[in-house]
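> prediction below, plus the sequence it came from.
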Amino acid sequence: MRPSAPAPRPELSGIPAYVPKPPRPPAAGPSHRLFLNENPYPPLPSVREVIAEASAATNRYPGIFPERLIDALSGKLGVPHSHVITGPGSVGIYQQIGQAMLKPGDEVVYAWPSFEAFPIVVRMAGAIPVEVPLTGHTHDLDAMAAAITPRTSAVLLCEPNNPTGTAVGAMRLKRFLDQVPSDVLVVLDEAYFEFYRSSDAPDGMALYRDRPNLLVLRTFSKAYGLAGLRVGYGVAHPEIAEALRKCAVPCGVSSIAEEAALHSLDAEAELFARVERITAERERVRAALAAPGREVPASETNFLWLPLGQDTERVTSELERHGVLTRAFPGDGARVTVGEPAANDLLIEVAEQLIRGR
Ligand SMILES: Cc1ncc(COP(=O)(O)O)c(C=O)c1O
């Protein structure tokens, strides 16, 4: 018998809602958005000019792909044009990965907690998530390698990790990559690459060259402050890059986003000075929040992880009441984006009050 109404694919019923309810700002007083790992600084005046100029031509379609941006990235990264993939944010590229590289019944290994898009992409493809718990807030690379079976088609790895901010470093990452069979795709998500300060920071662009199974993702959303324009990119060998391009939404990167991204590559000195301020603030906030018995893992990103366990909801609601909007992972911890100094000061002050009032 035919069903009485159109039915979505059954896989969708297992997909968690990607966007949790955003924290609510208090009715009065200022509030600070520290829940989405955004760059707190508004676009540079020169970027706004470029955006305004590009807006004059929005009656025209952009290119199927943002070819000028791809050229610029290929030059900057020293990789062939055919190796560069773009999308409306790196989450757009994840959808391409799901369509191009995952089949129903495939196993996909990733750490948990990690980027919240992972289970969605995997389930959407009808593939099976294999979640490997973090150990000490960090990827357990040995356990991840052990979780790979003949049915594994991909590993998703966020370095540094979201939501914990922790990093495994180049040495351990290389050792892991060498253990992954050559027919298993590894997606190395470097969304926070520009905030990574350790001398052992891996560089996906160097790693992918002699690893045809590695796909590296980066974004203009974080260090470049263009989250609202939706533009991300990836680099992989041509077989993977071509497959992903086949699954891309045509004209998926707007001409405004392309112009702003192009200009931002030229304005890196100014933008990276802001990144420097954010990483300095990150260390200041971490030092202020950490104390004996209060662990705040070292972060290589623009956010900090507070492993609050059962206290998470109490603390995040209290922060919310004071206008500090963070991302709660109930029962586990809170992720707090590094904001402008005033936001960070307020976070520190409220956290101190909460601890003293315990
Ligand atoms: C690990 C990771 N990858 C990708 C993204 C999304 O980036 P985009 O804005 O490029 O889609 C985020 C955003 O929070 C992230 O944390």
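Here it is on my side, so go on. Quick caveat: nothing in here was measured; it's all calculated off a predicted structure.

> packing partners of the helix or strand of the chain with the lowest mean pLDDT?
Every helix and strand in the chain was compared by mean pLDDT, DSSP states H and E; the lowest is helix 341-356, with a mean of 90. Helices and strands touching helix 341-356, by 3 or more CB pairs under 8 Å, 6 or more residues apart in numbering; DSSP states H and E, are strand 32-33, helix 268-289, helix 312-321, strand 324-325. Just so you know, the C-beta spots here come from the backbone N, C-alpha and C atoms, and that holds for glycine as well.

> count the neighbours of D189 for me.
Counted with other CB atoms under 10 Å, residues neighbouring D189 total 29.

> look up how far the ligand lies from S264.
S264 sits 13 Å away from the ligand when distances are taken as CB to the nearest ligand atom, to the nearest Å.

> ok and the host helix or strand of that residue relative to helix 268-289, angle-wise?
Assigned by DSSP states H and E, S264 falls within helix 255-266. With axes from the mean of the first three to the mean of the last three CA atoms, to 10 degrees as the basis, helix 255-266 and helix 268-289 are set at 80 degrees to each other.

> can you give me the mean pLDDT across helix 255-266?
Helix 255-266 carries an average pLDDT of 98.

> how about stretch 286-293?
Stretch 286-293 comes out at a mean pLDDT of 89.

> what's the neighbour count on the closest residue to the ligand within the chain?
With CB to the nearest ligand atom, the shortest gap between the chain and the ligand falls at G89, namely 2.6 Å. G89: 24 surrounding residues under other CB under 10 Å.

> how about V79, what does it touch?
L73, M205, V235 (CB atoms under 8 Å, 6 or more residues apart in numbering).

> other SSEs contacting the helix holding S264?
Against helix 255-266 (3+ CB pairs under 8 Å, 6+ apart) you get helix 45-54, helix 67-77.

> contacts for stretch 93-108 next, please.
Residues contacting stretch 93-108 (CB under 8 Å, 6+ apart): 85-87, 117-118, 121-122, 124-130, 149, 151-156, 185, 187, 215, 217, 232-234, 240, 243-248.

> buried among those residues? Need that as a selection in ChimeraX.
Selection of the buried residues among the contacts of stretch 93-108 in ChimeraX, burial being defined by 16 or more other CB atoms under 10 Å:
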select :85,86,87,117,118,121,122,124,125,126,127,128,129,130,152,153,154,155,156,185,187,215,217,232,233,234,240,243,244,245,248
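
> which of the contacts of stretch 93-108 fall in helices?
Cross-referencing these against helices under DSSP state H gives A117, F118, V121, V122, M124, I240, A243, L244, R245, K246.

> ok, the second one - contacts?
F118 makes contact with V108, Y110, W112, P129, L156, according to CB under 8 Å, 6+ apart.

> quick one: buried residues of stretch 107-120?
Under 16+ other CB under 10 Å, the buried positions of stretch 107-120 are 107-111, 113-120.

> closest to L304 among those?
Nearest to L304 among the buried residues of stretch 107-120, counting by CB to CB, is P113 at 14.5 Å.
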